[in-house]
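1. Provided below for reference: sequence and predicted model.
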Amino acid sequence: MKEVRIVSAVRTPFGKLGGALKNKSSVDLGAIAVKGAISRVGLNLEQVNEVIMGSAALAGSTSVAARQILFKAGLPGSTPSLTIDRACCSSVTAVGLAMKDILLGEAETVVAGGFESLSQTPYLLREGRWGKRLGDMTLEDPLQIRNPITNTPVALVTGEEALKYGVSREEQDEWAWESHKKYFAAYESGKYEDELLPVQLPTNKGDSIIFQQDESPRRDASLEKLQRLKTVYGSPTITPGNAPGLNDGSAALVLMSNRMQDKLNLESMATILSYATISGDASSSVAMPALAINKALKKAGMDLEQVKRIEINEAFAAMPLVSTKVLSNGDDALLRQLRSITNVNGGAIAIGHPTGASGGRIIMSLIYELRRIGGGIGVAAICGGYGQADAVVIKVNEAIKG
């Protein structure tokens with residue numbers, strides 16, 4: 001039976017908006033991750049059959065960004081590429097499409113992931129090309145994310161939806177605080193070393209520095225500080241503290257058929273058991289990761305009791321809080337258990353959320369965590385794109401050869 005294995009997974013450290021990576025284009029960042037993922041397992045560039053990369057802010061990378069990434073990473077022009085835009089879901093979608101191509105026999109080895117430079121996302125001046133005879137022209141900021149149907153800020157809708165599910169501002173602040181605490185506990189114990197790919201950056205002095213740690217985590221975060229923050233965009237619960245920052249970074253994974261993995265005698269990090277995508281009303285995303293998880297588990301023939309670890313992207317703290325509540329279906333004991341295995345090493349509120357790359361990040365964080373605890377079943381889910389969500393179910397074996 002044909003299976004899809006993940007044999008390599010790396011990401012850059014995630015930079016803050018205007019931070020260490022601000023001078024790296026999204027294409028540059030994507031190429032770093034793609035090249036790093038390939039070289040980590042010693043693949044020849046000619047052995048890659050396809051590159052699929054996703055981004056949510058393509059305005060800063062002109063066109064066919066994945067193709068540009070492919071060339072910058074040194075792959076031959078004979079390698080097909082595909083650029084995905086499904087907002088935050090983009091890199092999970094890329095992994096899902098790579099899996100399908102391998103199962104269909106269209107490819108044996110695919111690099112999939114995502115990339116983002118929100119620091120280099122340009123302002124839009126829609127009237128600038130033709131000008132105006134009289135009157136002002138308005139610059140638009142694509143980073144001010146609004147629902148395209150209702151023109152309401154995403155933070156406003158998310159806060160309102162969280163309250164409908166009975167998730168309070170206080171719970172969201174507590175989750176955010178835990179995200180930072182868990183991150184530093186994991187980082188200091190070396191748990192992020194496997195997934196991080198240091199980036200060499202030039203300095204004004206003509207030499208270079210090595211950027212090797214995420215910039216957004218706040219060591220000085222405290223519940224008291226989070227509780228003092230004011231809500232934003234008219235939201236009843238969302239603050240800058242219980243939402244992630246705007247970030248730069250990239251992530252890439254190498255997917256391979258079990259036949260090719262065995263032929264090349266590479267270590268299998270994980271097997272993808274299923275991929276699912278789901279969509280609903282454009283104004284509601286907080287519960288969508290839960291629905292995607294349920295769908296992915298059903299496709300894999302599994303249930304929640306078999307899951308050892310969960311990663312739910314912290315687009316806001318509301319997402320994992322509401323999604324675990326939906327998954328528990330009124331069972332308080334199950335709710336506590338689900339939250340205890342979700343984002344155990346911190347999430348995007350601490351790590352950062354370079355939108356197109358975050359899906360790749362949660363998949364690899366899940367893989368490395370399962371490997372540390374001796375294997376098992378895990379599920380990663382992410383919402384994005386106005387009422388959509390993706391999820392993947394993976395299995396990590398204790399015997400990880402062949």
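-> Cool, got the structure.
2. The helix ranked longest in the chain packs against which elements?
-> Secondary structure of the chain per DSSP state H: the longest helix is helix 169-188. Judged by 3 or more Cβ pairs under 8 Å, 6 or more residues apart in numbering; DSSP states H and E, the packing partners of helix 169-188 are helix 223-228, helix 318-328, helix 348-351. Glycine gets a C-beta too; all of them are placed from N, C-alpha and C.
3. Adding distance to L156, write those out as a markdown table.
-> What follows is the helices and strands packed on helix 169-188, written out as a markdown table (distance: least, Cβ to Cβ, whole Å):
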| stretch | distance to L156 |
| --- | --- |
| helix 223-228 | 19 |
| helix 318-328 | 12 |
| helix 348-351 | 18 |
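4. out of the ones you listed, deepest packed?
-> Among the helices and strands packed on helix 169-188, helix 348-351 has the highest mean neighbour count (mean count of other Cβ atoms under 10 Å), at a mean of 31.
5. Tell me the helix or strand right after that helix.
-> Using DSSP states H and E, the next helix or strand after helix 348-351 towards the C-terminus is helix 355-372.
6. for the helices and strands packed on helix 169-188, which one sits closest to A162?
-> helix 318-328 (3.9 Å; Cβ to Cβ).
7. from the chain's centre, how far out does that closest one sit?
-> Using Cα atoms, centre = their mean, to the nearest Å, the distance from the centre of helix 318-328 to the centre of the chain it belongs to is 18 Å.
8. Leaving out chain neighbours, which residue sits closest to R219?
-> F184 (6.1 Å; Cβ to Cβ, 6 or more residues apart in numbering).
9. doesn't P217 make contact with the one you found?
-> Yes: with contact defined as Cβ atoms under 8 Å, F184 reaches P217; the gap is 6.4 Å.
10. Just want to know which of the two has more residues nearby.
-> The residue with more neighbours, out of F184 and P217, is P217; 20 against 16, by other Cβ atoms under 10 Å.
11. just to revisit the earlier point, just the C-alphas of the helix or strand immediately after the longest helix of the chain in the chain, formatted as PDB.
-> Toward the C-terminal end, the helix or strand that comes next after helix 169-188 (DSSP H and E) is strand 199-202. Coordinates of each C-alpha in strand 199-202 appear next as PDB, following Å, rounded to 0.1, in the frame of the first residue of the first chain:
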ATOM      1  CA  VAL A 199      19.800  32.300   8.900                       C
ATOM      2  CA  GLN A 200      22.900  34.300   8.100                       C
ATOM      3  CA  LEU A 201      22.200  38.000   7.900                       C
ATOM      4  CA  PRO A 202      24.600  40.700   6.700                       C
END
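12. Neighbouring strands of strand 199-202 in the sheet, and parallel or not?
-> Applying DSSP bridges to the sheet, strand 199-202 is found paired with strand 208-211 (antiparallel).
13. Just the mean pLDDT for the strand it pairs with, thanks.
-> Strand 208-211 comes out with an average pLDDT of 96.
14. Check stretch 288-308 too.
-> Rounded mean pLDDT across stretch 288-308 is 98.
15. residues in contact with that stretch?
-> Identification of contacts with stretch 288-308 by Cβ atoms under 8 Å, 6 or more residues apart in numbering yields 273-280, 310, 312-313, 319-320, 322-327, 334, 338, 341, 370, 373, 376-379, 381-383, 387-393.
16. so who does E50 touch?
-> T79, P80, S81, L82, A98, D101, E106, A107, T109, V110, V111.
17. ok, the residues you listed vs N44, which is closest?
-> Distances from N44 to those, taken by Cβ to Cβ, are shortest for T109, at 10.1 Å.
18. just to revisit the earlier point, and the buried ones among the contacts of E50, selectable in PyMOL?
-> Of the contacts of E50, the buried ones can be selected in PyMOL as follows, counting by 16 or more other Cβ atoms under 10 Å:
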select buried, resi 79+80+81+82+98+101+107+109+110+111
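19. Pick out whichever of the contacts of E50 sits closest to T62.
-> When those are compared against T62 (criterion: Cβ to Cβ), the nearest one is S81, at 14.3 Å.
20. Any idea what the closest one is bridged to?
-> V51.
21. ok, and the closest non-adjacent residue to R218?
-> Once flanking residues are discounted, R218 sits nearest to H180: 5.4 Å by Cβ to Cβ, 6+ apart.
22. Any idea how many residues pack against that neighbour?
-> 23.
23. State whether it and D214 are indeed in contact, as I suppose.
-> No: under the criterion of Cβ under 8 Å, H180 makes no contact with D214, lying 11.0 Å away.
24. Now for these two: what residues contact both?
-> In contact with both H180 and D214: A350, using Cβ under 8 Å, 6+ apart.
25. so where do the helices sit in the stretch 51-200 of the chain?
-> 65-72, 90-103, 154-164, 169-188 (DSSP state H, counting those that start in this stretch).
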